[in-house]
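Participant: Predicted coordinates and the sequence they were generated for:
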Amino acid sequence: MSARGVFVTFEGIEGSGKTTQARRLSARLLTKSVSHIVTREPGGTPLADQLRSILLAPREETVFPETELLLYQAARAQHVRGLLLPALEDGKAVLCDRFYDATFAYQAHARGLEAETVGMLNRFASGDLVPDLTLLFDLPPELGISRASRRGAADRIERESLDFHRAVRNGYLAIYKNDTSRIVLIDASAPEEEVFRKLQETVTERFGW
């Protein structure tokens with residue numbers, strides 16, 4: 001039986017570059033013949049991808065914070081059991097663009113839902129799966145939103161106010177301060193190459209990649 005794989009999550013506000021950096025790390029792992037998958041939340045399985053579309057599509061109807069939270073957790077429950085756990089049990093490394101820290105940052109800190117409730121649902125949906133390493137790409141929201149706007153039409157979350165995105169960033173920083181052993185803070189306002197260099201140093205030190 002193969003050893004359990006390594007679980008690495010990529011977190012940050014909109015436009016922080018985490019998706020780009022996850023792809024770059026994947027390319028590096030391919031050169032080192034490290035068996036791995038790249039996935040994202042919400043999403044990762046056909047059903048979870050459908051829930052992602054529902055969550056991110058701009059709409060006139062109000063999406064209440066409680067509704068949003070439960071949809072994210074439903075997508076996570078499917079993702080964890082349908083993709084993440086099987087891959088990890090098969091000995092593969094998993095690079096995941098967002099996981100439950102995002103739910104704390106967005107739904108608890110920015111939406112104002114009770115942190116205890118969010119934490120309970122995170123644990124339930126994730127089956128108590130905890131990342132081995134979380135890379136938090138931090139930058140001012142003004143810069144992040146400016147970067148995100150270059151990708152095309154904004155989704156429902158990207159269309160939120162600057163104050164909302166500031167609250168998300170503050171939420172992420174609060175999470176980091178409470179778990180500095182698991183979470184590594186990376187200055188995402190630096191040039192892309194410099195950000196990737198910091199990422200490489202971190203995963204080499206942790207996992208020998």
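Facilitator: Looks like it arrived, so ask away.

Participant: okay, now L71: neighbour count?
Facilitator: 16 (other CB atoms under 10 Å). C-beta here means a position set from N, CA and C on the backbone, and glycine is covered the same way.

Participant: Give me the pLDDT for it.
Facilitator: With respect to pLDDT, L71 scores 98.

Participant: A3 too?
Facilitator: Taking A3 on its own, its pLDDT is 85.

Participant: average pLDDT for the helix or strand containing A102?
Facilitator: A102 belongs to helix 100-103 when assigned by DSSP states H and E. What helix 100-103 shows for mean pLDDT is 98.

Participant: Could you check whichever helix or strand comes after that helix and say which residues are buried?
Facilitator: Sequence-wise, the next helix or strand downstream of helix 100-103 (DSSP H and E) is helix 115-126. Residues of helix 115-126 classed as buried under the neighbour-count rule (16 or more other CB atoms under 10 Å) are V118, L121, N122, A125, S126.

Participant: Surely the first one and H109 touch.
Facilitator: Right, the one you point to is V118. No. Look at V118 against H109 with CB atoms under 8 Å: they stay out of range, at 9.3 Å.

Participant: and the residue nearest the centre of the chain, backbone torsions?
Facilitator: What sits nearest the mean C-alpha location of the chain, by CA atoms, centre = their mean, is R98, with 1.0 Å. Per-residue torsions, R98: phi 80, psi 150 (degrees, to the nearest 10).

Participant: List the contacts of it.
Facilitator: T9, F10, E11, K18, R40, E41 (CB atoms under 8 Å, 6 or more residues apart in numbering).

Participant: 6 Å instead, please
Facilitator: By CB atoms under 6 Å, 6 or more residues apart in numbering, R98 lies in contact with E41.

Participant: now the helices for this protein?
Facilitator: For the chain, applying DSSP state H gives helices covering 18-31, 46-56, 65-79, 85-89, 100-103, 115-126, 141-149, 162-177, 192-207.

Participant: tell me the most buried of these?
Facilitator: helix 100-103 (a mean of 25; mean count of other CB atoms under 10 Å).

Participant: Give me the helices and strands touching that helix, please.
Facilitator: Helix 100-103 sits against helix 115-126, with contacts defined as 3 or more CB pairs under 6 Å, 6 or more residues apart in numbering; DSSP states H and E.
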